[in-house]
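[1] I would like the atomic coordinates for the input below:
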Amino acid sequence: MASESFPLGGVSPGRGGIAHADPAEAAPSRDGVAQRPAAVEGAAARTGCRAEHALLLSLIASALDGTARTPSCRGDRFDWDELIGMAVRGRLLVHVQQGLVVSGIAAPPGLGPAVKAFRQRSLMANSVNLSTVRRVSGALDDAAVDFVILKGPLQLRALYGDYFVRPSSDLDLLVDRHDYDRAAAVLKGLGYAPAERCESRWWRHYLGEQHFLPADRSFAVVDLHHRVQQPGCPAPREVASYIGDGHRVPLGTSEVPVLSAVHACLLAAISFVKATFHREHSLRYLGDLAMQLLGMSDRQRHRLEAVARAQGIRHLLLFAWNIAGELLPVDLPPASVPRPWSRLDRATLAAMSLSPEDPAIAWPRRRALLWHLCDPIGPFGRIGTYAREARFAAAAEISRIAPR
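    Residues are numbered from 1 along each chain as shown. Below is the predicted model of the structure:
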């Protein structure tokens, strides 16, 4: 679940720790969106009208809500190979197949082999993950360590009725910070060892997780968390409710704890924000959020917003929810906050989530995005929240590049 660090303000450590400017942040505009060099303006225009993005969003929407949709362009205008590759990179290929069926669109010749390979990869990875869940959760239960499973095939089963919608190679577990060492000892008793690179203060304190590698390769790597957010993004005030509000679901002859619907929504929003900060494929997280929201009543949605407010991440939730409402078939939130890229249209938002590697995309400045994600808390309002998150991110970056 971890990603590499990023500094606020768009600089990254080069050789010898020297900071180099991020080209996407070189010339900011008043609304916090980086200005694109003239050389990529033509490519940006092409990105804004890509038929593959529109069709992919349409198919995913049909897979989510079961409603048939007709493509806005003729089938011979689509680059099916590019669409399939985009769906594979974003781990959305099963949704594409389901959307084609729902909409009554003939599948292109290359889809069948691609889905078969994708399904085989998911079957192998998620079967190992599920075996690991049973083994590790039983040991944690025996040691009386409270925990909850994050994401993975159990979450996919709850959302889509299918353990193998996309591959989940690692097992993510969340424990309270005070139980972290006990949980780590349980894993070590099962033959796991923390990855050497995860022994630093950056991993343990600031990122709040470590990767534990199994002695037996027939089991999955375990990512043990006591945080669910990385430095530089607003984090929930506490994780105890993520664990305490979880519920048990059957797995074979045992039962294992998973997130409540409310906390699964919050985690999907957090994961989307994290992927956006790192300019990674992020639409699958919006899809998970949308699927949760589609199954909620108005009362449950209001409770979700109330919990987010109490956790200090209401703006973060509304940010993800607002974009999900623009790209996918889910209602917009009852309240909203301004986006740091308010002048960007739906097509550009689609490009950011579906093809983030496109150099033509004008990404928002990271510090502008953080500002919009911060809730106004305490006597200093949003300024105080932003300053606290920025200080934590700066300390984390110093720890990462100059470990003690």
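[2] tell me the contacts of Ala269?
    Contact analysis of Ala269 by Cβ atoms under 8 Å, 6 or more residues apart in numbering lists 285, 289, 313, 316-317, 319-321. Where C-beta positions appear, they are placed from N, C-alpha and C, glycine not excepted.
[3] Can you pull the poorly scored residue ranges out of the stretch 251-400 of the chain?
    Along the stretch 251-400 of the chain, the parts satisfying pLDDT under 70 run over 338-343.
[4] residue boundaries of the strands in it?
    254-258 (DSSP state E, counting those that start in this stretch).
[5] residue boundaries of the helices in it?
    Taking DSSP state H, counting those that start in this stretch, the helices of the stretch 251-400 of the chain run over residues 261-277, 283-294, 298-311, 314-327, 346-354, 366-373, 381-401.
[6] Kindly reformat those as a markdown table containing distance to Ala54.
    Formatted as a markdown table, the helices of the stretch 251-400 of the chain follow (distance: least, Cβ to Cβ, whole Å):
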| stretch | distance to Ala54 |
| --- | --- |
| helix 261-277 | 20 |
| helix 283-294 | 13 |
| helix 298-311 | 28 |
| helix 314-327 | 11 |
| helix 346-354 | 8 |
| helix 366-373 | 25 |
| helix 381-401 | 35 |
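[7] closest to Glu199 out of the ones you listed?
    Closest to Glu199 of the helices of the stretch 251-400 of the chain is helix 381-401 (Cβ to Cβ; 12.6 Å).
[8] Just the residues contacting the closest one, thanks.
    If you take Cβ under 8 Å, 6+ apart as the criterion, helix 381-401 is touched by 5, 7-8, 13, 17, 200-202, 205-207, 231-235, 312, 367, 370-371, 374-378, 380.
[9] which of the residues you listed are buried?
    5, 7-8, 200, 202, 206-207, 231-235, 312, 367, 370-371, 374-375, 377 (16 or more other Cβ atoms under 10 Å).
[10] Remind me which helix or strand Met86 belongs to.
    Here Met86, judged by DSSP states H and E, is contained in helix 80-89.
[11] what's the nearest residue to Ala114 if we skip its chain neighbours?
    In space, and not counting its chain neighbours, Ala114 is closest to Ile84: 5.1 Å by Cβ to Cβ, 6 or more residues apart in numbering.
[12] how deep is the one you found tucked in, by neighbour count?
    22 (other Cβ atoms under 10 Å).
[13] List the residues that contact the residue nearest to Tyr180 when sequence neighbours are not counted.
    Residue nearest to Tyr180 in three dimensions, not counting chain neighbours: His226, with 4.8 Å by Cβ to Cβ, 6+ apart. Neighbour list for His226: 174-177, 180, 208-209, 239 [criterion: Cβ under 8 Å, 6+ apart].
[14] which one of those residues is nearest Ala195?
    Taking Cβ to Cβ as the measure, Ala195 lies nearest Glu209 of these, at 10.8 Å.
[15] Now do that closest one against Leu251, distance only.
    The gap separating Glu209 from Leu251 is 23 Å, by Cβ to Cβ, to the nearest Å.
[16] out of the two, which sits in the busier spot?
    Legend: neighbour count by other Cβ under 10 Å for Glu209 and Leu251, higher for Glu209 (22 against 19).
[17] can you tell me how far the nearest residue to that one once chain neighbours are set aside sits from Pro236?
    Nearest non-adjacent residue to Glu209, counting by Cβ to Cβ, 6+ apart: His225, 4.4 Å away. Distance, His225 to Pro236, by Cβ to Cβ: 12 Å.
[18] No further questions, thank you.
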